[in-house]
Structures are given as structure tokens and as C-alpha cells.
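Asker: Next one to model:
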Amino acid sequence: MQTPERSTTTCSSLSMKRARLTMVNRACAFLLDQIDILAGERILHLGCGTGYYTAVMADLVGPTGKITAIEIDVGLAEKARSALMPWSQIMVTNADGANLSFEPADLIVASAGATTRYRHGSMLSSWAAASCFQ
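Answerer: Coordinates of the predicted model:
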């Protein structure tokens, strides 16, 4: 009885996907480290996805901090809400972050894409300066 050949393409493809994911996680960890998130800070996370990086930031701000996590995709917001239940300092909202008002924040982390280009002096940059950094 012969052993079937293993597809090197599948294994190689899977290895490449894992390598890319590891690189993305390392890059995001590096960036989060560079912004020096402190205990007790208030963070606005635009585009929280399923909440992975929101959870990392929640550990950094600790129980005295607060994170407002916004996700436009209904399914991703539900997954994030479920996954982030252990962190009482996180509030997940399913909405378009470009059309909301927010409480003041010490830091805004954007993990979201945009379909509209905003320029300096536009509604979004004016909003960010006026309402988040008081």
C-alpha cells in the first residue's frame, strides 16, 4: 500500500498565512507599545473587528481605564461584544464611527478603513480636535 503524497502547496500556503498573521500581530504589538498606553486612559477604538486588539488595549488600560469600541459590521460587532464580555471597561457599539459623537478620549486607535477621503479642516478632523481632546 502506497502512502498518498502530501500536497506541498497546501502546507506551504498554510505556513505563509501563519507567517503573515504572526507578522501582523508583531507589527500591531510594536505599534501599541510605541503609543505607550497607560493605566486609566480612555481609548476610542474605531474598527474593532472581533475585538482582539481591543482586548490587548483593555489589559493595558486596566480596570480604571475605558475603551469605546466601534465596529460598522453587524456580525463582527456581535463577535466582539461576546468575546469582550470579560472586560467591563469595554463598550462595543455597532455603528459608523464617522457619524457618531464620542466622549473625550486620551487616545484614538483606528483599525478601520474608510470609503470617503477626509482632508484637514474637514468635519472629521474638526470633530476629532473639538470633541475628543478636551
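
Asker: what's the domain layout of this protein?
Answerer: Domain assignment for the chain by automatic domain parsing gives 7-36, 37-132.

Asker: ranking those by mean pLDDT, which is last?
Answerer: The minimum mean pLDDT among the domains of the chain belongs to domain 7-36 (a mean of 65).

Asker: Let me know the secondary structure of residue 112.
Answerer: coil (DSSP: H, G, I helix; E, B strand; the rest coil).

Asker: number of nearby residues for the nearest residue to it once chain neighbours are set aside?
Answerer: Distances taken as Cβ to Cβ, 6 or more residues apart in numbering place residue 47 nearest to residue 112, at 2.5 Å, with adjacent residues excluded. In short, each C-beta sits where N, CA and C put it, glycine included. Residues lying near residue 47 (other Cβ atoms under 10 Å) number 19.

Asker: Residue 47 and residue 60: what is the separation?
Answerer: Separation of residue 47 from residue 60 (Cβ to Cβ, to the nearest Å): 18 Å.

Asker: Next: residue 33.
Answerer: Going from residue 33 to residue 60 by Cβ to Cβ gives 9 Å.

Asker: These two: who's more crowded?
Answerer: Legend: neighbour count by other Cβ under 10 Å for residue 33 and residue 60, higher for residue 60 (18 against 10).

Asker: what sits against the more buried one?
Answerer: By Cβ atoms under 8 Å, 6 or more residues apart in numbering, the residues touching residue 60 are 32, 37-39.

Asker: Next, the distance between the ends of stretch 59-77.
Answerer: Start-to-end span of stretch 59-77 (Cα to Cα, to the nearest Å) is 20 Å.

Asker: Tell me which residues of that stretch come out buried.
Answerer: Residues of stretch 59-77 classed as buried: 60-61, 65-72, 76-77 (neighbour count, 16 or more other Cβ atoms under 10 Å).
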